[in-house]
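In: Following is a predicted model, sequence given first.
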Amino acid sequence: MTQSCRADTSVAKCKSFETLPAHLPLSGSLGSRFARSIAVVFAMLLIAVNADAIVIDFSTGTVGDLGTSTVNIDGVVVDGFYFDGSWLSANLFRRNEPNDHGLGICNPDELGESECESAEGGGDVNELDNNGNPELIRLTLPAGFFWTEVAISSMDDNGSSDPDDIERGQAFATNDGDPDNLLLGTPFWQFEGTVPVEVTFPVSGADQFAQYIFFRPFDWSGGAVYGYNKDNDFLVWQATIEPVPEPGMLCLLAAGLLGLGIAARRRKF
C-alpha cells in the first residue's frame, strides 16, 4: 500500500508503534499472574528481536566520489544508475554534513561533474536527483534478513513557497532488480520535504522480504502539470535490517505460550 509523509520538522519519523503498557495491574489473581507471564514472554521476545536489528548508515566512511557504482556496506549492496537511452552504472557519492548525509549519484551527463570530486559539490550534482538525466539507487537485501526501516536526508522546498516546487521522491520494494521494470510496480513510500530534514519510514508486510529497494527522485504530486518539478534531490541515508527468526525460537515461544495456557486452565478447574 502506498503511503505518503511530509517532513516539516528537523527530524521526522513517519511511523507509529504500539507499545506494551508500562505495567500491568497486580491483584494476585490467576488472571493477573497469567497476564503478567504473557507480558514477560512477549517482552523477552521483543528484546531479543530488537537486539538483532542492524542499522546501516550509508553516510559513514570516505566522503566524495567513491569511484565505483557498487559498494557493499554491512552486507547491503548499493548500486547507482543513471538513464541515457538505457540504465547505466553511475559512481556513488557520499556526503556527511548536517542534514545532508548519505549516498547520492555522480551523473556523468550532468554539467558540473567535476564537483563530484569533492564532498562540497552542489546537491543537484552529487545527490540523487532528476535535474538532468533520471537517476536511481538500488539496495540489495542480504540473504537471511528482512527490511524494517529505510531513511533519507536532505529534503527541502527548493527555497520556494510554491507547493509545486517541494522536493519529492519514491521508494519501491521489488524482487526484480532490473531498473527498466521499476515503473511497472507501485511505490511503498512517497515522500516530500519543506526544510532539509531526515525522514525515516517503516517497511512492512511483503515488502520487508523484497530482494531490492529502489529510490527515485520524482514529482509524484499529481498537480495541474504532473511531474512539473524537475528539481528533486536527496540522499539515501540508512537502512535497518533484521535476521529472519530461527525456527527454534518460534517453536520455543509457541511452546511457552501453550504451557502457560495449560497451567492457567488447570488452576482454574
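Out: Thanks, I have it.
In: Now do the SS call for the closest residue to Ser86 other than its chain neighbours.
Out: Once flanking residues are discounted, Ser86 sits nearest to Asp180: 7.5 Å by C-beta to C-beta, 6 or more residues apart in numbering. Every C-beta, even on glycine, is put in place using the N, C-alpha and C of the backbone. With DSSP: H, G, I helix; E, B strand; the rest coil as the basis, the three-state label of Asp180 is helix.
In: how near is Asp180 to Phe81?
Out: Distance, Asp180 to Phe81, using C-beta to C-beta, to the nearest Å: 10 Å.
In: Quick check: what element follows the helix or strand where Arg168 lies along the chain?
Out: Using DSSP states H and E, the element containing Arg168 is strand 167-174. Under the assignment DSSP H and E, the closest C-terminal helix or strand after strand 167-174 is strand 189-193.
In: thinking again about what came up before, tell me the strands beside the strand holding Arg168, with direction?
Out: Here strand 167-174 is paired, per DSSP bridges, with strand 189-193 (antiparallel), strand 212-217 (antiparallel).
In: ok so, going back, between Asp180 and Phe81, who's got more neighbours?
Out: When Asp180 and Phe81 are compared for neighbours, Phe81 comes out ahead with 21 against 10, by other C-beta atoms under 10 Å.
In: which residues does the more buried one bridge with?
Out: Applying DSSP bridges to Phe81 gives these bridge partners: Ser89, Leu136.
In: Tell me who's in contact with it.
Out: 69, 87-90, 105, 135-138, 179 (C-beta atoms under 8 Å, 6 or more residues apart in numbering).
In: need those in JSON lines with distance to Phe218 and neighbour count, can you?
Out: JSON lines is the format used below for these (distance: C-beta to C-beta, whole Å; neighbours: other C-beta atoms under 10 Å):
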{"residue": "Ser69", "distance to Phe218": "21", "neighbour count": "17"}
{"residue": "Trp87", "distance to Phe218": "15", "neighbour count": "17"}
{"residue": "Leu88", "distance to Phe218": "19", "neighbour count": "16"}
{"residue": "Ser89", "distance to Phe218": "20", "neighbour count": "12"}
{"residue": "Ala90", "distance to Phe218": "17", "neighbour count": "26"}
{"residue": "Ile105", "distance to Phe218": "14", "neighbour count": "28"}
{"residue": "Glu135", "distance to Phe218": "10", "neighbour count": "26"}
{"residue": "Leu136", "distance to Phe218": "10", "neighbour count": "21"}
{"residue": "Ile137", "distance to Phe218": "13", "neighbour count": "26"}
{"residue": "Arg138", "distance to Phe218": "15", "neighbour count": "22"}
{"residue": "Pro179", "distance to Phe218": "13", "neighbour count": "20"}
